[in-house]
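>>> coords below, sequence missing:
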DNA sequence: CTCCAACAACCTAACGGTTAGTGTTACGGT
DNA sequence: ACCGTAACACTAACCGTTAGGTTGTTGGAG
(Lines give C-alpha, C1' and ligand atoms only; values in the text may rest on other atoms or scores of the structure.)
Protein backbone atom coordinates (compact mmCIF):
# COMPACT_ATOMS: atom_id res chain seq x y z
CA UNK A 1 0.00 0.00 0.00
CA UNK A 2 2.49 2.59 1.17
CA UNK A 3 5.54 0.38 1.81
CA UNK A 4 8.96 0.63 0.04
CA UNK A 5 8.67 4.39 -0.48
CA UNK A 6 11.86 5.30 -2.34
CA UNK A 7 14.79 3.09 -1.46
CA UNK A 8 17.06 1.29 0.76
CA UNK A 9 19.99 1.15 3.01
CA UNK A 10 18.92 3.62 5.63
CA UNK A 11 15.51 2.11 6.07
CA UNK A 12 16.98 -1.37 6.27
CA UNK A 13 19.41 -0.30 8.96
CA UNK A 14 16.68 1.45 10.85
CA UNK A 15 14.39 -1.56 10.68
CA UNK A 16 17.26 -3.79 11.78
CA UNK A 17 17.95 -1.58 14.78
CA UNK A 18 14.29 -1.58 15.70
CA UNK A 19 14.09 -5.34 15.46
CA UNK A 20 17.25 -5.82 17.44
CA UNK A 21 15.87 -3.66 20.23
CA UNK A 22 12.52 -5.45 20.25
CA UNK A 23 14.10 -8.91 20.23
CA UNK A 24 16.57 -8.05 22.94
CA UNK A 25 13.87 -6.50 25.09
CA UNK A 26 11.52 -9.45 24.79
CA UNK A 27 14.31 -11.88 25.57
CA UNK A 28 15.36 -9.98 28.68
CA UNK A 29 11.77 -9.55 29.82
CA UNK A 30 11.13 -13.28 29.58
CA UNK A 31 14.43 -14.15 31.22
CA UNK A 32 14.28 -11.81 34.19
CA UNK A 33 10.71 -10.52 34.31
CA UNK A 34 9.25 -7.32 32.92
CA UNK A 35 9.65 -5.21 36.04
CA UNK A 36 13.15 -6.44 36.73
CA UNK A 37 14.46 -5.17 33.41
CA UNK A 38 15.00 -1.45 32.95
CA UNK A 39 15.15 0.53 29.75
CA UNK A 40 18.81 1.13 30.45
CA UNK A 41 19.37 -2.63 30.57
CA UNK A 42 17.62 -3.12 27.25
CA UNK A 43 19.59 -0.32 25.64
CA UNK A 44 22.91 -1.65 26.94
CA UNK A 45 22.19 -5.23 25.87
CA UNK A 46 21.03 -4.13 22.41
CA UNK A 47 24.08 -1.87 22.22
CA UNK A 48 22.14 1.31 21.51
CA UNK A 49 21.52 4.51 23.43
CA UNK A 50 18.50 4.92 25.64
CA UNK A 51 17.23 7.72 23.44
CA UNK A 52 17.38 5.41 20.44
CA UNK A 53 15.04 3.00 22.16
CA UNK A 54 12.52 5.78 22.62
CA UNK A 55 12.92 6.95 19.06
CA UNK A 56 11.64 3.55 17.94
CA UNK A 57 9.11 2.83 20.69
CA UNK A 58 6.91 5.36 22.39
CA UNK A 59 7.09 3.65 25.76
CA UNK A 60 8.57 0.67 27.54
CA UNK A 61 5.33 -1.27 27.21
CA UNK A 62 5.34 -0.82 23.44
CA UNK A 63 8.39 -3.08 23.30
CA UNK A 64 6.12 -5.98 24.22
CA UNK A 65 3.38 -5.17 21.70
CA UNK A 66 5.79 -4.65 18.85
CA UNK A 67 3.53 -6.21 16.22
CA UNK A 68 0.34 -4.48 17.26
CA UNK A 69 0.09 -2.62 13.96
CA UNK A 70 -0.52 -5.99 12.30
CA UNK A 71 -3.54 -6.67 14.47
CA UNK A 72 -4.89 -3.24 13.70
CA UNK A 73 -4.56 -3.82 9.96
CA UNK A 74 -6.03 -7.31 10.13
CA UNK A 75 -9.10 -6.09 11.94
CA UNK A 76 -9.80 -3.41 9.38
CA UNK A 77 -9.17 -5.81 6.49
CA UNK A 78 -11.49 -8.40 7.94
CA UNK A 79 -14.14 -5.82 7.10
CA UNK A 80 -12.89 -4.28 3.89
CA UNK A 81 -11.38 -7.35 2.20
CA UNK A 82 -14.11 -9.88 2.88
CA UNK A 83 -15.83 -11.67 0.02
CA UNK A 84 -18.37 -9.42 -1.70
CA UNK A 85 -21.78 -9.87 -0.19
CA UNK A 86 -20.38 -11.74 2.81
CA UNK A 87 -22.04 -10.79 6.09
CA UNK A 88 -20.10 -8.41 8.29
CA UNK A 89 -20.30 -9.79 11.80
CA UNK A 90 -19.40 -13.40 10.95
CA UNK A 91 -16.34 -12.11 9.13
CA UNK A 92 -15.28 -10.30 12.27
CA UNK A 93 -16.02 -13.36 14.37
CA UNK A 94 -13.79 -15.48 12.20
CA UNK A 95 -10.96 -12.98 12.47
CA UNK A 96 -11.40 -12.89 16.21
CA UNK A 97 -11.15 -16.66 16.42
CA UNK A 98 -7.91 -16.47 14.51
CA UNK A 99 -6.54 -13.77 16.79
CA UNK A 100 -7.48 -15.60 19.96
CA UNK A 101 -5.96 -18.83 18.75
CA UNK A 102 -2.81 -17.00 17.74
CA UNK A 103 -2.38 -15.40 21.13
CA UNK A 104 -3.33 -18.43 23.09
CA UNK A 105 -2.06 -21.64 21.60
CA UNK A 106 1.07 -20.20 20.10
CA UNK A 107 4.61 -20.14 21.26
CA UNK A 108 3.42 -16.72 22.43
CA UNK A 109 1.94 -18.16 25.60
CA UNK A 110 4.75 -17.03 27.95
CA UNK A 111 4.44 -13.51 26.60
CA UNK A 112 0.75 -13.39 27.42
CA UNK A 113 1.41 -14.79 30.86
CA UNK A 114 3.84 -11.95 31.37
CA UNK A 115 1.28 -9.42 30.17
CA UNK A 116 -1.38 -10.77 32.49
CA UNK A 117 1.04 -10.52 35.38
CA UNK A 118 1.85 -6.84 34.84
CA UNK A 119 -0.73 -4.12 35.53
CA UNK A 120 1.25 -1.67 33.44
CA UNK A 121 1.12 -3.99 30.43
CA UNK A 122 -2.56 -4.73 30.91
CA UNK A 123 -3.37 -1.04 31.01
CA UNK A 124 -1.27 -0.36 27.95
CA UNK A 125 -2.97 -3.16 26.10
CA UNK A 126 -6.29 -1.62 26.96
CA UNK A 127 -5.60 1.72 25.35
CA UNK A 128 -3.96 -0.01 22.41
CA UNK A 129 -7.18 -1.95 21.78
CA UNK A 130 -9.08 1.30 21.97
CA UNK A 131 -7.01 2.64 19.12
CA UNK A 132 -7.72 -0.53 17.19
CA UNK A 133 -11.41 -0.06 17.87
CA UNK A 134 -11.32 3.43 16.41
CA UNK A 135 -9.61 2.15 13.27
CA UNK A 136 -12.18 -0.60 12.99
CA UNK A 137 -14.97 1.91 13.51
CA UNK A 138 -13.65 3.98 10.64
CA UNK A 139 -13.62 0.91 8.40
CA UNK A 140 -17.17 0.09 9.42
CA UNK A 141 -18.38 3.61 8.77
CA UNK A 142 -16.96 3.41 5.26
CA UNK A 143 -18.89 0.23 4.50
CA UNK A 144 -21.39 0.65 1.67
CA UNK A 145 -23.32 -2.47 2.63
CA UNK A 146 -24.97 -1.52 5.90
CA UNK A 147 -24.45 2.09 6.81
CA UNK A 148 -25.39 2.59 10.42
CA UNK A 149 -24.69 5.84 12.20
CA UNK A 150 -21.21 6.76 13.35
CA UNK A 151 -22.12 6.00 16.95
CA UNK A 152 -23.34 2.52 16.07
CA UNK A 153 -20.09 1.82 14.22
CA UNK A 154 -17.98 2.92 17.13
CA UNK A 155 -20.09 0.88 19.51
CA UNK A 156 -19.75 -2.25 17.41
CA UNK A 157 -16.00 -1.74 17.17
CA UNK A 158 -15.73 -1.49 20.93
CA UNK A 159 -17.85 -4.55 21.44
CA UNK A 160 -15.56 -6.49 19.13
CA UNK A 161 -12.39 -5.56 20.97
CA UNK A 162 -14.18 -6.26 24.24
CA UNK A 163 -14.86 -9.70 22.90
CA UNK A 164 -11.16 -10.26 22.43
CA UNK A 165 -10.27 -9.16 25.94
CA UNK A 166 -13.01 -11.24 27.54
CA UNK A 167 -12.32 -14.33 25.47
CA UNK A 168 -8.67 -14.28 26.40
CA UNK A 169 -9.62 -14.41 30.07
CA UNK A 170 -12.40 -16.96 29.74
CA UNK A 171 -12.04 -20.62 30.67
CA UNK A 172 -12.93 -21.68 27.15
CA UNK A 173 -11.89 -18.83 24.85
CA UNK A 174 -13.30 -20.30 21.65
CA UNK A 175 -16.74 -20.76 23.13
CA UNK A 176 -16.56 -17.33 24.71
CA UNK A 177 -15.94 -15.73 21.33
CA UNK A 178 -19.04 -17.43 19.95
CA UNK A 179 -21.14 -16.52 22.98
CA UNK A 180 -20.15 -12.88 22.84
CA UNK A 181 -20.54 -12.68 19.09
CA UNK A 182 -24.12 -13.84 19.37
CA UNK A 183 -24.62 -10.72 21.44
CA UNK A 184 -22.61 -8.60 19.01
CA UNK A 185 -24.64 -9.81 16.08
CA UNK A 186 -27.89 -8.96 17.80
CA UNK A 187 -26.54 -5.54 18.72
CA UNK A 188 -25.58 -4.82 15.13
CA UNK A 189 -28.95 -5.87 13.84
CA UNK A 190 -30.67 -3.69 16.40
CA UNK A 191 -28.56 -0.76 15.28
CA UNK A 192 -29.98 -1.17 11.79
CA UNK A 193 -33.59 -1.22 12.93
CA UNK A 194 -34.41 2.29 11.76
CA UNK A 195 -32.33 2.08 8.61
CA UNK A 196 -33.70 -0.83 6.55
CA UNK A 197 -31.25 -3.70 6.05
CA UNK A 198 -32.00 -4.07 2.33
CA UNK A 199 -32.92 -0.58 1.17
CA UNK A 200 -32.05 -0.51 -2.54
CA UNK A 201 -33.73 -3.59 -4.08
CA UNK B 1 -23.25 -0.78 54.68
CA UNK B 2 -19.71 -0.54 55.98
CA UNK B 3 -19.41 3.19 56.66
CA UNK B 4 -18.83 4.88 60.06
CA UNK B 5 -17.14 1.78 61.54
CA UNK B 6 -16.23 2.81 65.09
CA UNK B 7 -15.89 6.52 65.61
CA UNK B 8 -14.35 9.76 65.21
CA UNK B 9 -11.63 12.24 65.32
CA UNK B 10 -8.92 10.38 63.49
CA UNK B 11 -11.10 9.49 60.58
CA UNK B 12 -12.44 12.99 60.35
CA UNK B 13 -8.94 14.44 60.25
CA UNK B 14 -7.89 11.91 57.68
CA UNK B 15 -10.88 12.62 55.49
CA UNK B 16 -10.24 16.35 55.84
CA UNK B 17 -6.64 15.91 54.73
CA UNK B 18 -7.75 13.84 51.79
CA UNK B 19 -10.31 16.42 50.75
CA UNK B 20 -7.86 19.26 51.11
CA UNK B 21 -5.40 17.47 48.86
CA UNK B 22 -8.05 16.69 46.25
CA UNK B 23 -9.45 20.23 46.26
CA UNK B 24 -6.03 21.82 46.05
CA UNK B 25 -4.99 19.51 43.25
CA UNK B 26 -8.10 20.13 41.18
CA UNK B 27 -7.77 23.87 41.63
CA UNK B 28 -4.14 23.90 40.55
CA UNK B 29 -4.84 21.59 37.62
CA UNK B 30 -7.58 23.87 36.34
CA UNK B 31 -5.52 27.00 36.93
CA UNK B 32 -2.27 25.91 35.33
CA UNK B 33 -3.07 22.74 33.40
CA UNK B 34 -2.69 19.13 34.43
CA UNK B 35 0.77 18.59 32.99
CA UNK B 36 2.13 21.86 34.29
CA UNK B 37 1.38 20.93 37.91
CA UNK B 38 3.64 18.42 39.64
CA UNK B 39 2.88 16.27 42.63
CA UNK B 40 5.40 18.32 44.55
CA UNK B 41 3.43 21.46 43.73
CA UNK B 42 0.20 19.90 44.95
CA UNK B 43 1.81 18.70 48.15
CA UNK B 44 3.38 22.07 48.87
CA UNK B 45 0.18 23.99 48.19
CA UNK B 46 -1.88 21.60 50.31
CA UNK B 47 0.82 21.81 52.98
CA UNK B 48 1.39 18.08 53.24
CA UNK B 49 4.27 15.76 52.38
CA UNK B 50 4.52 14.11 49.00
CA UNK B 51 4.22 10.70 50.62
CA UNK B 52 0.98 11.78 52.24
CA UNK B 53 -0.51 12.51 48.84
CA UNK B 54 0.33 8.99 47.74
CA UNK B 55 -1.04 7.49 50.92
CA UNK B 56 -4.44 8.90 49.97
CA UNK B 57 -4.30 8.54 46.17
CA UNK B 58 -2.71 5.71 44.27
CA UNK B 59 -1.53 7.91 41.42
CA UNK B 60 -1.52 11.48 40.22
CA UNK B 61 -4.43 10.80 37.88
CA UNK B 62 -6.54 9.54 40.78
CA UNK B 63 -6.60 13.09 42.13
CA UNK B 64 -8.85 14.02 39.23
CA UNK B 65 -11.23 11.06 39.61
CA UNK B 66 -11.60 11.49 43.31
CA UNK B 67 -15.28 10.52 43.41
CA UNK B 68 -15.02 7.50 41.17
CA UNK B 69 -16.07 5.12 43.93
CA UNK B 70 -19.48 6.78 43.84
CA UNK B 71 -19.92 5.95 40.18
CA UNK B 72 -18.92 2.37 40.84
CA UNK B 73 -21.49 2.05 43.62
CA UNK B 74 -24.23 3.73 41.63
CA UNK B 75 -23.75 1.38 38.71
CA UNK B 76 -24.03 -1.69 40.88
CA UNK B 77 -27.03 -0.28 42.75
CA UNK B 78 -28.81 0.54 39.52
CA UNK B 79 -28.97 -3.24 39.19
CA UNK B 80 -29.47 -4.43 42.74
CA UNK B 81 -31.72 -1.66 44.08
CA UNK B 82 -34.14 -1.33 41.20
CA UNK B 83 -37.86 -1.83 41.72
CA UNK B 84 -38.71 -5.54 42.00
CA UNK B 85 -39.63 -6.94 38.64
CA UNK B 86 -38.26 -3.91 36.83
CA UNK B 87 -36.37 -4.76 33.65
CA UNK B 88 -32.61 -4.73 33.90
CA UNK B 89 -31.35 -2.92 30.83
CA UNK B 90 -33.71 0.07 31.03
CA UNK B 91 -32.63 0.56 34.63
CA UNK B 92 -29.04 0.71 33.49
CA UNK B 93 -29.95 3.06 30.67
CA UNK B 94 -31.60 5.44 33.08
CA UNK B 95 -28.55 5.45 35.32
CA UNK B 96 -26.34 6.07 32.32
CA UNK B 97 -28.45 9.05 31.32
CA UNK B 98 -28.00 10.46 34.81
CA UNK B 99 -24.26 9.91 34.70
CA UNK B 100 -23.84 11.50 31.31
CA UNK B 101 -25.92 14.51 32.27
CA UNK B 102 -23.93 14.90 35.45
CA UNK B 103 -20.60 14.83 33.67
CA UNK B 104 -21.65 16.97 30.79
CA UNK B 105 -24.01 19.74 31.76
CA UNK B 106 -22.56 20.31 35.19
CA UNK B 107 -20.13 22.78 36.52
CA UNK B 108 -17.83 19.81 35.89
CA UNK B 109 -17.41 20.75 32.24
CA UNK B 110 -13.91 22.24 32.57
CA UNK B 111 -12.74 19.12 34.34
CA UNK B 112 -13.87 16.91 31.50
CA UNK B 113 -12.27 19.22 28.98
CA UNK B 114 -9.04 18.79 30.90
CA UNK B 115 -9.45 15.02 30.91
CA UNK B 116 -10.07 14.93 27.18
CA UNK B 117 -6.93 16.98 26.63
CA UNK B 118 -4.63 14.65 28.56
CA UNK B 119 -3.72 11.22 27.21
CA UNK B 120 -2.61 10.12 30.64
CA UNK B 121 -5.99 10.99 32.12
CA UNK B 122 -7.87 9.36 29.27
CA UNK B 123 -5.90 6.16 29.73
CA UNK B 124 -6.45 6.20 33.45
CA UNK B 125 -10.15 6.72 32.97
CA UNK B 126 -10.20 3.71 30.70
CA UNK B 127 -8.82 1.29 33.24
CA UNK B 128 -10.99 2.84 35.92
CA UNK B 129 -14.08 2.10 33.85
CA UNK B 130 -12.81 -1.42 33.40
CA UNK B 131 -12.84 -1.86 37.15
CA UNK B 132 -16.34 -0.48 37.25
CA UNK B 133 -17.35 -2.95 34.57
CA UNK B 134 -16.05 -5.84 36.64
CA UNK B 135 -18.02 -4.65 39.65
CA UNK B 136 -21.11 -4.32 37.52
CA UNK B 137 -20.52 -7.76 36.05
CA UNK B 138 -20.43 -9.22 39.55
CA UNK B 139 -23.73 -7.53 40.38
CA UNK B 140 -25.26 -8.88 37.18
CA UNK B 141 -24.03 -12.40 37.84
CA UNK B 142 -25.70 -12.28 41.26
CA UNK B 143 -29.06 -11.35 39.75
CA UNK B 144 -31.75 -13.95 40.33
CA UNK B 145 -33.97 -12.61 37.56
CA UNK B 146 -32.08 -13.48 34.42
CA UNK B 147 -29.02 -15.56 35.06
CA UNK B 148 -26.87 -15.59 31.95
CA UNK B 149 -23.41 -17.04 31.95
CA UNK B 150 -20.49 -15.26 33.55
CA UNK B 151 -19.13 -14.31 30.14
CA UNK B 152 -22.41 -12.74 29.08
CA UNK B 153 -22.51 -10.71 32.28
CA UNK B 154 -19.00 -9.43 31.79
CA UNK B 155 -19.77 -8.60 28.19
CA UNK B 156 -22.88 -6.65 29.08
CA UNK B 157 -20.98 -4.76 31.76
CA UNK B 158 -18.33 -3.77 29.24
CA UNK B 159 -20.90 -2.70 26.71
CA UNK B 160 -22.48 -0.46 29.31
CA UNK B 161 -19.27 1.33 30.21
CA UNK B 162 -18.48 1.59 26.51
CA UNK B 163 -21.80 3.35 26.14
CA UNK B 164 -20.70 5.94 28.65
CA UNK B 165 -17.40 6.61 26.93
CA UNK B 166 -18.97 6.85 23.48
CA UNK B 167 -21.87 9.00 24.60
CA UNK B 168 -19.54 11.49 26.21
CA UNK B 169 -17.76 11.97 22.90
CA UNK B 170 -20.88 12.04 20.71
CA UNK B 171 -22.39 15.18 19.27
CA UNK B 172 -25.67 14.47 21.00
CA UNK B 173 -24.86 12.42 24.10
CA UNK B 174 -28.44 11.79 25.18
CA UNK B 175 -29.41 10.37 21.82
CA UNK B 176 -26.20 8.37 21.69
CA UNK B 177 -27.04 6.69 24.98
CA UNK B 178 -30.40 5.64 23.60
CA UNK B 179 -28.91 4.47 20.31
CA UNK B 180 -26.27 2.36 22.02
CA UNK B 181 -28.69 0.98 24.56
CA UNK B 182 -30.91 -0.32 21.80
CA UNK B 183 -27.89 -2.37 20.82
CA UNK B 184 -27.17 -3.34 24.40
CA UNK B 185 -30.71 -4.48 24.96
CA UNK B 186 -30.62 -6.68 21.88
CA UNK B 187 -27.28 -8.12 22.99
CA UNK B 188 -28.63 -8.99 26.40
CA UNK B 189 -31.68 -10.67 24.95
CA UNK B 190 -29.52 -12.66 22.58
CA UNK B 191 -27.40 -13.80 25.51
CA UNK B 192 -30.52 -15.29 27.07
CA UNK B 193 -31.52 -17.23 23.95
CA UNK B 194 -30.43 -20.64 25.24
CA UNK B 195 -31.56 -20.02 28.80
CA UNK B 196 -35.31 -19.26 28.69
CA UNK B 197 -36.26 -15.80 29.92
CA UNK B 198 -39.15 -17.08 32.09
CA UNK B 199 -38.07 -20.56 33.13
CA UNK B 200 -39.91 -21.22 36.40
CA UNK B 201 -43.60 -20.59 35.62
C1' DC C 1 -5.50 8.44 84.54
C1' DT C 2 -1.92 6.43 82.37
C1' DC C 3 0.33 4.09 79.17
C1' DC C 4 0.68 1.67 74.83
C1' DA C 5 -0.32 0.00 70.05
C1' DA C 6 -1.80 1.82 65.86
C1' DC C 7 -1.69 4.81 62.55
C1' DA C 8 -1.45 9.36 60.07
C1' DA C 9 1.76 12.18 58.58
C1' DC C 10 6.69 13.58 58.04
C1' DC C 11 11.48 13.73 55.80
C1' DT C 12 15.14 12.18 52.97
C1' DA C 13 16.78 9.80 49.30
C1' DA C 14 16.50 7.27 45.86
C1' DC C 15 14.76 4.46 41.48
C1' DG C 16 13.16 4.15 36.79
C1' DG C 17 10.73 5.92 32.66
C1' DT C 18 10.99 9.72 29.74
C1' DT C 19 12.69 13.97 27.47
C1' DA C 20 15.80 18.09 26.21
C1' DG C 21 19.78 19.67 24.47
C1' DT C 22 23.66 18.98 21.66
C1' DG C 23 26.74 16.67 18.80
C1' DT C 24 28.39 13.24 15.32
C1' DT C 25 28.10 10.21 11.67
C1' DA C 26 26.52 8.14 7.29
C1' DC C 27 23.02 8.14 3.71
C1' DG C 28 20.77 9.79 -0.45
C1' DG C 29 19.63 13.02 -3.76
C1' DT C 30 21.50 16.64 -6.56
C1' DA D 1 31.74 15.83 -4.76
C1' DC D 2 28.42 18.16 -1.65
C1' DC D 3 24.97 19.31 1.35
C1' DG D 4 20.67 18.45 3.96
C1' DT D 5 18.85 15.40 6.88
C1' DA D 6 17.75 11.22 9.32
C1' DA D 7 19.62 8.02 12.75
C1' DC D 8 22.06 7.54 16.66
C1' DA D 9 24.89 8.86 20.76
C1' DC D 10 25.87 11.18 25.30
C1' DT D 11 24.72 13.82 29.24
C1' DA D 12 21.79 15.52 32.46
C1' DA D 13 17.99 16.32 34.05
C1' DC D 14 12.48 16.08 35.22
C1' DC D 15 8.83 13.86 37.39
C1' DG D 16 5.98 10.16 39.35
C1' DT D 17 6.52 6.87 42.66
C1' DT D 18 8.43 4.07 46.61
C1' DA D 19 11.39 2.68 50.57
C1' DG D 20 13.28 3.67 55.01
C1' DG D 21 12.84 5.26 59.18
C1' DT D 22 10.90 9.04 62.62
C1' DT D 23 7.43 11.72 65.14
C1' DG D 24 3.14 12.81 67.25
C1' DT D 25 -1.65 12.21 68.00
C1' DT D 26 -5.50 9.10 69.14
C1' DG D 27 -8.32 5.62 70.99
C1' DG D 28 -8.75 2.16 74.03
C1' DA D 29 -7.03 -1.21 77.69
C1' DG D 30 -5.51 -1.59 82.15
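Ah, there it is. Note that the structure is predicted; figures quoted are calculated from it, not measured. Numbering: from 1, shown residues only, chains lettered A, B, ... in the order given.

>>> pLDDT wise, what is the spatially most central residue of chain A at?
Of all residues in chain A, the one closest to the mean position by Cα atoms, centre = their mean is residue A:71, 3.8 Å from it. With respect to pLDDT, residue A:71 has a value of 96.

>>> what's the helix or strand for it?
helix A:68-80 (DSSP states H and E).

>>> now for that helix, which elements pack on it?
helix A:88-104, helix A:119-141 (3 or more Cβ pairs under 8 Å, 6 or more residues apart in numbering or on different chains; DSSP states H and E). Just so you know, the C-beta spots here come from the backbone N, C-alpha and C atoms, and that holds for glycine as well.

>>> isn't residue A:80 right next to residue A:139, touching?
Yes - using Cβ atoms under 8 Å, residue A:80 makes contact with residue A:139 at a distance of 5.7 Å.

>>> out of these two, which sits in the busier spot?
residue A:139 (17 against 11; other Cβ atoms under 10 Å in any protein chain shown).

>>> isn't that one right up against residue A:81?
No - applying Cβ under 8 Å, one finds residue A:139 not in contact with residue A:81, separated by 10.0 Å.

>>> got the contact list for the closest residue to residue A:120 other than its chain neighbours?
Among residues not flanking residue A:120 along the chain, residue A:61 sits closest, at 6.0 Å (Cβ to Cβ, 6 or more residues apart in numbering or on different chains). Shown in contact with residue A:61 (Cβ atoms under 8 Å, 6 or more residues apart in numbering or on different chains): A:120, A:121, A:124.

>>> are any of those buried, and which?
The neighbour count (16 or more other Cβ atoms under 10 Å in any protein chain shown) marks A:121, A:124 as buried among those.

>>> any stretches of chain A with poor pLDDT?
Low-confidence segments of chain A (pLDDT under 70): A:1-7, A:194-201.

>>> residue numbers of it in contact with DNA strand C?
With the criterion set to Cβ under 7 Å from any atom of the strand, chain A comes near DNA strand C through A:6-11, A:13, A:37-40, A:50-51, A:54, A:58-61.

>>> on that earlier part again, tabulate the helices and strands packed on helix A:68-80 (JSON lines), appending distance to DNA strand D.
Shown next, in JSON lines, are the helices and strands packed on helix A:68-80 (distance: least, Cβ to the nearest atom of the strand, whole Å):
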{"stretch": "helix A:88-104", "distance to DNA strand D": "28"}
{"stretch": "helix A:119-141", "distance to DNA strand D": "10"}
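
>>> can you list the ones you listed in TSV and add distance to residue B:128?
Listed next are the helices and strands packed on helix A:68-80 as TSV, based on distance: least, Cβ to Cβ, whole Å:
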stretch	distance to residue B:128
helix A:88-104	25
helix A:119-141	10
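
>>> domains of chain A?
As recorded under automatic domain parsing, the domains making up chain A are A:9-63, A:68-191.

>>> deepest of the ones you listed, which one?
Highest mean neighbour count among the domains of chain A (mean count of other Cβ atoms under 10 Å in any protein chain shown): domain A:68-191, with a mean of 18.

>>> thought residue A:109 was touching residue A:30, still the case?
No - using Cβ under 8 Å, residue A:30 and residue A:109 do not qualify as a contacting pair, with a distance of 11.0 Å.

>>> ok, the closest residue to residue A:101 other than its chain neighbours - contacts?
Distance criterion Cβ to Cβ, 6+ apart; nearest residue to residue A:101, sequence neighbours excluded, is residue A:174 at 7.8 Å. Counting by Cβ under 8 Å, 6+ apart, residue A:174 touches A:97, A:100, A:101, A:167.

>>> go again using 10 Å as the cut-off
By Cβ atoms under 10 Å, 6 or more residues apart in numbering or on different chains, residue A:174 lies in contact with A:97, A:100, A:101, A:104, A:167.

>>> what strand or helix carries residue A:13?
helix A:9-32.

>>> elements contacting that helix?
Secondary-structure packing of helix A:9-32 (3 or more Cβ pairs under 10 Å, 6 or more residues apart in numbering or on different chains; DSSP states H and E): helix A:39-46, helix A:50-56, helix A:109-117.

>>> contact partners of that helix?
Residues contacting helix A:9-32 (Cβ under 10 Å, 6+ apart): A:3-5, A:34-39, A:41-48, A:52-53, A:55-57, A:60, A:62-67, A:110-111, A:113-114, A:118, A:121.

>>> how much space between the nearest residue to residue A:57 once chain neighbours are set aside and DNA strand D?
Nearest non-adjacent residue to residue A:57, counting by Cβ to Cβ, 6+ apart: residue A:63, 5.4 Å away. Counting by Cβ to the nearest atom of the strand, to the nearest Å, the gap from residue A:63 to DNA strand D is 14 Å.
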